[in-house]
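Visitor: let's see this in three dimensions:
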Amino acid sequence: YNDALTKAIYEPFAKETGITVTTVNYQSAQVIAQVKQGRPQVDLMDNSLLIFQKMTRLECLEPVDYDRLKNVKGAGIPEVQLPEHAVGKNVWASVMAYRTDSLKRAPKNWADFWNTHSFSGPRSLQSVEVDLPELEFALLADGVPLDKLYPLDVDRAFKSMSRIRGDVKKFWNTGALPAVLLGRKEVVATSLWGGRADELIKQGMPVAYQWNGARRMTNGWGIPKGADNTDAAYKLIDFSLRPEAQAAFAKLYSGSPVVPAAMKLLSEDDLVNQPTSPKNLKTGFDADVAWWDENRDAVTKRWQEWADA
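Guide: Got it, this is the predicted structure:
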């Protein structure tokens with residue numbers, strides 16, 4: 001991910017502007033603590049809009065001055081990706097991947113994933129340790145339509161999760177693990193972050209994605225309150241929203257552009273595993289970050305109790 005950003009965004013930005021971009025890995029809690037102390041150590045953050053929703057609530061982000069972002073005006077970026085305190089830049093998704101040699105036919109949706117009679121074999125799903133639990137997939141498997149998911153029926157979701165629990169070999173707790181489980185043939189199907197099985201597919205392993213029912217999340221930029229170099233931060237944000245920069249990143253990583261014009265710069269091969277390609281856009285859904293921000297702690301507590309029961 002960082003390599004793709006460096007090649008597609010940071011290096012050409014530095015060449016054009018003379019502004020050097022230095023990246024550091026961080027936990028959002030660190031930056032929140034720094035802001036509360038009045039000493040943020042970073043000028044620009046790359047994270048999910050869900051994290052930025054939380055940081056906005058905690059008054060840790062600068063409001064975005066969209067007048068300083070010329071590549072936003074008239075670009076057709078969806079409003080949901082342009083909140084008051086952050087700027088969306090790329091869309092990623094949690095999807096299904098499966099072994100084509102272990103299943104007699106391809107699972108078409110999460111109901112098939114849950115159908116362990118017709119599609120037998122061990123599964124893997126995401127643990128709350130690494131990110132949001134996949135309650136939406138449990139509800140889709142139980143017959144809830146895509147456009148009726150939110151607000152999530154948590155009771156119904158956990159009942160659905162309980163039905164498949166015995167066939168879940170592992171609730172994965174790192175982004176790399178589900179692809180490892182698939183590669184070792186320890187599971188026949190798993191949820192994973194889009195792009196995580198690409199290496200297996202390139203190696204010729206009998207692995208495929210199913211994009212039906214994909215849960216989309218948007219990553220974006222946020223400026224910590226009190227940051228020193230806001231002018232440079234705005235310049236980098238604006239550069240990253242150029243259609244050609246967005247397309248360059250998407251060619252290197254399975255993270256769809258938020259700028260519609262960038263999609264026209266991608267080939268059919270590039271579009272296959274992009275969350276917002278015309279085909280995948282119809283069959284997936286956008287996570288409701290406001291709902292998750294409000295309910296995440298309660299759902300996490302319930303998940304932990306459910307997992308320990």
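
Visitor: which residues in the stretch 1-150 of the chain form helices?
Guide: 2-5, 11-17, 28-36, 49-57, 110-114, 135-141 (DSSP state H, counting those that start in this stretch).

Visitor: same check, this time on the stretch 201-309 of the chain
Guide: 230-240, 243-252, 260-263, 268-271, 278-283, 289-308.

Visitor: of those helices, which is nearest residue 83?
Guide: Between residue 83 and the helices of the stretch 201-309 of the chain, the shortest gap by Cβ to Cβ is with helix 289-308, which sits at 8.6 Å. C-beta: built from backbone N, CA, C; applies to glycine.

Visitor: hmm, who's touching that closest one?
Guide: Residues from elsewhere that reach helix 289-308 (Cβ atoms under 8 Å, 6 or more residues apart in numbering): 48-50, 53-54, 57, 127-128, 132-133, 135, 150-152, 154, 158, 161-162, 171, 217.

Visitor: quick one, which of the helices of the stretch 201-309 of the chain is nearest to residue 93?
Guide: Among those, helix 278-283 sits nearest to residue 93 (Cβ to Cβ), with 7.8 Å.

Visitor: quick one: mean pLDDT over that closest one.
Guide: Across helix 278-283, the average pLDDT comes to 90.

Visitor: what are the buried residues along that helix?
Guide: Residues 280, 281 are the ones in helix 278-283 that count as buried (16 or more other Cβ atoms under 10 Å).

Visitor: CA atoms of it as CSV?
Guide: Extracted in CSV, the C-alpha atoms of helix 278-283 (Å, rounded to 0.1, in the frame of the first residue of the first chain):
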residue,chain,number,x,y,z
PRO,A,278,-19.2,-0.4,-12.8
LYS,A,279,-19.8,-4.1,-12.3
ASN,A,280,-18.6,-4.3,-8.6
LEU,A,281,-20.3,-1.0,-7.7
LYS,A,282,-23.8,-2.5,-8.3
THR,A,283,-23.2,-5.6,-6.2
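
Visitor: show the pLDDT at residue 69.
Guide: 98.

Visitor: share the number of residues neighbouring it, please.
Guide: 19 (other Cβ atoms under 10 Å).

Visitor: quick check: closest non-adjacent residue to it.
Guide: Residue nearest to residue 69 in three dimensions, not counting chain neighbours: residue 238, with 5.0 Å by Cβ to Cβ, 6 or more residues apart in numbering.

Visitor: identify the residues contacting the one you found.
Guide: Applying Cβ under 8 Å, 6+ apart, the residues near residue 238 are 68, 69, 70, 71, 72.

Visitor: surely the fourth one meets residue 241?
Guide: Yes: under the criterion of Cβ atoms under 8 Å, residue 71 makes contact with residue 241 at 4.0 Å.

Visitor: overlap in contacts of those two?
Guide: With Cβ under 8 Å, 6+ apart as the test, residue 71 and residue 241 both reach residue 259.

Visitor: please say which of these two ends up with more neighbours.
Guide: Using other Cβ under 10 Å as the criterion, residue 71 and residue 241 rank with residue 241 on top: 23 against 18.

Visitor: quote the end-to-end distance of stretch 239-248.
Guide: Criterion Cα to Cα, to the nearest Å; first-to-last residue distance in stretch 239-248 is 12 Å.

Visitor: of all the helices of the stretch 1-150 of the chain, which lies closest to residue 190?
Guide: Per Cβ to Cβ, nearest to residue 190 of those: helix 110-114, 9.0 Å.

Visitor: show me where the stretch 51-200 of the chain has strands.
Guide: 87-99, 123-126, 168-172, 189-193 (DSSP state E, counting those that start in this stretch).

Visitor: in TSV, list those strands along with mean pLDDT and mean neighbour count.
Guide: Listed next are the strands of the stretch 51-200 of the chain as TSV, based on pLDDT from 0 to 100; neighbours: other Cβ atoms under 10 Å:
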stretch	mean pLDDT	mean neighbour count
strand 87-99	97	25
strand 123-126	98	24
strand 168-172	97	18
strand 189-193	97	24
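
Visitor: please parse the protein into its domains.
Guide: 1-91+217-275, 93-216+286-308 (the TED database).

Visitor: gap between residue 172 and residue 161?
Guide: With distances taken as Cβ to Cβ, to the nearest Å, residue 172 is found 15 Å from residue 161.
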